[in-house]
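Asks: need a 3D model of the sequence below.
(chains A and B)
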Amino acid sequence: MTFYTAAVIAIVATALAISRKNAVHALLYLLVSLLAVALIFFVVGAPFVAALEVIVYAGAIMVLFVFVMMLLNLGPHSIEQERGWLTPRTWIGPLVLTVVLIGELLYAVGSRGPATTGPLVDSRQVGIDLFGPYALGVEIASMLLLSGLIGAYHLGRRRPGRS
Amino acid sequence: MAAVPLTHGLVVAGLLFGLGLLGVLVRRNVIFILMSIEVMLNAAGLAFVVAGSRWGQTEGQIMFLFILAMAAAEVAVGLALALQFYHRLGTLDADGAATLRG
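Replies: Model prediction:
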């Protein structure tokens, strides 16, 4: 039951996110969608991955999007835009969806018996496997992140005289 | 609580992936295209985790961690590209770069 509610919220929030005109409204809905997917991870027995989804996706990546949005909106009309974001109508949709998610989380935490369905995959075992047979993959991921860092630095630099 | 069937989890992942694909195809704003790509990567990770939990194996979660690292690198480069795009062309419309000349 928890799974299906979270799945419906994820799909509805994603559909709303890709159909918004304003990018910040879309980000709010995308955030709700990521939180719903995190709850799905928790329910199917992967709490470690659920925490990472909230921290990395909903935390770090979304903050990056917000920063870029702020950088792009420099100008006199941005004040008017910010005033528009504070209207209650903007917040009502994401708020309703997140309140349902919080209710589900409280239900899952407060209910007797295991809240997860199916076998719980131990995060300790995930760590052991990650640095055992998949150590090469970890190294490749670190190289990928390093190249992403260098690429973002190179592309983000303003070259004088060329733009 | 009854276990969630594998099929239902995969259907949810497929629907999310389809929505992301639709977003990439329909929207012309670069920021929205990047967001839709994030949705698709997330849906792929969901499919991995659901399948991994069906057999009680850790591989699904490990693949999700790799997808997470890849998404982080991708979004850093993509957003830097979007900034450069805006500074060069003065717009975020992907059709503005259709000619690929400076």
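Asks: so where does residue A:137 fall, helix or strand?
Replies: helix A:135-156 (DSSP states H and E).
Asks: for the residue in chain A that chain B sits nearest to, the count of nearby residues, please.
Replies: When scored by C-beta to the nearest C-beta, chain A has residue A:148 as its residue closest to chain B, at 3.0 Å. Where C-beta positions appear, they are placed from N, C-alpha and C, glycine not excepted. If you count neighbours by other C-beta atoms under 10 Å in any protein chain shown, residue A:148 ends up with 20.
Asks: with adjacent residues omitted, what lies nearest to it?
Replies: Nearest residue to residue A:148 in three dimensions, chain neighbours excluded: residue B:73, at 3.0 Å (C-beta to C-beta, 6 or more residues apart in numbering or on different chains).
Asks: what about the one you found, neighbour count?
Replies: Neighbour count for residue B:73, taken as other C-beta under 10 Å: 20.
Asks: now the helix or strand harbouring it and helix A:135-156, what's the angle there?
Replies: Element membership for residue B:73 (DSSP H and E) is helix B:59-89. Here the directions of helix B:59-89 and helix A:135-156 differ by 10 degrees (axes from the mean of the first three to the mean of the last three C-alpha atoms, to 10 degrees).
Asks: next, the buried residues of helix B:59-89.
Replies: For helix B:59-89, the buried set under the neighbour-count rule, 16 or more other C-beta atoms under 10 Å in any protein chain shown, comprises B:59-86.
Asks: and what of stretch A:26-41?
Replies: Across stretch A:26-41, burial judged by 16+ other C-beta under 10 Å covers A:26-41.
Asks: pLDDT of it, averaged?
Replies: The average pLDDT within stretch A:26-41 is 91.
Asks: could you dump it to PDB, C-alpha only?
Replies: This file holds the C-alpha atoms of stretch A:26-41, laid out as PDB (Å, rounded to 0.1, in the frame of the first residue of the first chain):
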ATOM      1  CA  ALA A  26       9.300  22.400 -12.000                       C
ATOM      2  CA  LEU A  27      12.200  22.000  -9.500                       C
ATOM      3  CA  LEU A  28       9.800  21.900  -6.600                       C
ATOM      4  CA  TYR A  29       7.800  19.100  -8.200                       C
ATOM      5  CA  LEU A  30      11.000  17.200  -9.200                       C
ATOM      6  CA  LEU A  31      12.100  17.400  -5.600                       C
ATOM      7  CA  VAL A  32       8.800  15.800  -4.500                       C
ATOM      8  CA  SER A  33       9.300  13.100  -7.100                       C
ATOM      9  CA  LEU A  34      12.800  12.300  -5.800                       C
ATOM     10  CA  LEU A  35      11.500  12.100  -2.200                       C
ATOM     11  CA  ALA A  36       8.800   9.700  -3.300                       C
ATOM     12  CA  VAL A  37      11.300   7.500  -5.100                       C
ATOM     13  CA  ALA A  38      13.400   7.500  -1.900                       C
ATOM     14  CA  LEU A  39      10.400   6.200   0.000                       C
ATOM     15  CA  ILE A  40      10.000   3.500  -2.600                       C
ATOM     16  CA  PHE A  41      13.600   2.500  -2.000                       C
END
